[in-house]
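Asker: Predicted model, plus sequence, below.
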Amino acid sequence: MKTKLNSILIFGIIAAFAFSIAAFKPPQEKWTVPEKYKNMENEFAGEDEDGIGEELYMQHCKSCHGKEGFGDGTKAKELETEMKDLTSEEVQSQTDGELYYKAIIGRDEMPNFEKKIDDDEDRWMVINYVRTLAE
């Protein structure tokens with residue numbers, strides 16, 4: 001009986017340890033944006049009357065970033081990358097060019113959307129829509 005109890009205890013400790021490792025997300029390295037993107041001008045700033053930005057966001061971004069941009073999409077928990085709250089000051093204080101680089105060029109688990117969203121104006125509409133999430 002004592003051996004069985006010890007086995008259960010050891011198994012429980014191992015399971016708890018394994019779960020804690022699986023749940024741990026390592027800190028992300030700083031995402032450095034090249035200067036040419038930081039200073040990119042969004043010639044379509046504030047535009048999206050036809051809703052293209054919202055439509056593309058819902059099609060390509062919502063599953064990870066969530067419908068309202070809080071980082072709570074259905075796929076977010078499956079990723080090693082911490083989802084940023086797109087409504088946060090940390091995200092919204094970035095330049096349009098920085099957001100463009102991160103959203104369109106991507107890195108690691110953030111996919112590149114240059115082929116999926118091949119029209120440059122449509123790409124900027126996504127950035128414009130992300131800006132509205134903080135309103």
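Answerer: Alright, I've got the coordinates.
Asker: Now do the SS call for the residue nearest the centre of the chain.
Answerer: For the chain, the residue nearest the mean C-alpha position is Met83 (4.4 Å; Cα atoms, centre = their mean). Under DSSP: H, G, I helix; E, B strand; the rest coil, the three-state class of Met83 is coil.
Asker: Verify the stated contact: it with Cys61.
Answerer: No: in this structure, Met83 is not within contact of Cys61 by Cβ atoms under 8 Å, at 10.6 Å. Every residue, glycine included, has its C-beta placed from N, CA and C.
Asker: and for these two, which residues touch both?
Answerer: The contact sets of Met83 and Cys61 overlap at Gly73 (Cβ atoms under 8 Å, 6 or more residues apart in numbering).
Asker: ok, back up a step: leaving out chain neighbours, which residue sits closest to the residue nearest to the centre of the chain?
Answerer: Setting aside the residues directly before and after it, Met83 is nearest to Gly71 in space (Cβ to Cβ, 6 or more residues apart in numbering), at 3.1 Å.
Asker: Can you give me the separation between that neighbour and Lys62?
Answerer: Distance of Gly71 to Lys62, computed by Cβ to Cβ, to the nearest Å: 11 Å.
Asker: Mind checking what secondary structure Tyr57 has?
Answerer: helix.
Asker: Could you list which residues are in contact with it?
Answerer: His65, Val126, Tyr129, Val130.
Asker: Contacts only, for the last one.
Answerer: Neighbouring residues of Val130 by Cβ under 8 Å, 6+ apart: Gly53, Tyr57, Gly69, Leu86, Val91, Leu99, Ala103.
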